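Got a predicted structure plus its sequence, pasted below:
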Amino acid sequence: MKYIITESKLKEMLKNIAGVDLTGKIDIVTSTYDLPMEFDNVMTPTVLRTYLNHFGPMFIIRGPNKTFLYRNQSGRVVIADSNDRTYSESSLMRHLGIPPMGLSVDDVINTYYEE
């Protein structure tokens, strides 16, 4: 039997089960002005523009203790913090407090990112 979970139900489930609420903590990066200053040592404006032109938008995800930069480069996920450490999707989910539920970071972004 399949269950269909809507965005609002997923938000409610993550909040009730894991105590996670990322509302307002995910922002899109579409220009050099959107990237927080803490990432200035990680990525220059020229490199950022190159990535944005080739792979589309990036996302800033604010966790409880760290801020992460997430980008999906044509199926290859790259996640880094402001110290230029890279993370796997499962590691990022642990940092955010999301238990293994079969969700991807893209699922979380689609649920919490508000345009």
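Structure's in. What do you need? Residues are numbered from 1 along each chain as shown.

now stretch 74-92: mean pLDDT?
The average pLDDT within stretch 74-92 is 89.

which parts of that stretch are buried?
Of all the residues in stretch 74-92, those buried under the rule 16 or more other CB atoms under 10 Å are I79, A80, D81, S82, Y87, L92. The C-beta positions use only the backbone N, C-alpha and C, and glycine is treated the same way.

One more: stretch 55-64?
In stretch 55-64, counting by 16+ other CB under 10 Å, buried: M58, F59, I60, I61, G63.

and which of the residues you listed is nearest M37?
Set against M37, the nearest of the buried residues of stretch 55-64 by CB to CB is I60 (11.7 Å).

ranges for the helices of the chain?
Secondary structure of the chain (DSSP state H): helices at 7-13, 45-55, 89-96, 105-112.

helices or strands up against the longest one?
In terms of contact count using 3 or more CB pairs under 8 Å, 6 or more residues apart in numbering; DSSP states H and E, helix 45-55 is assigned the packing partners strand 58-62, strand 67-73.
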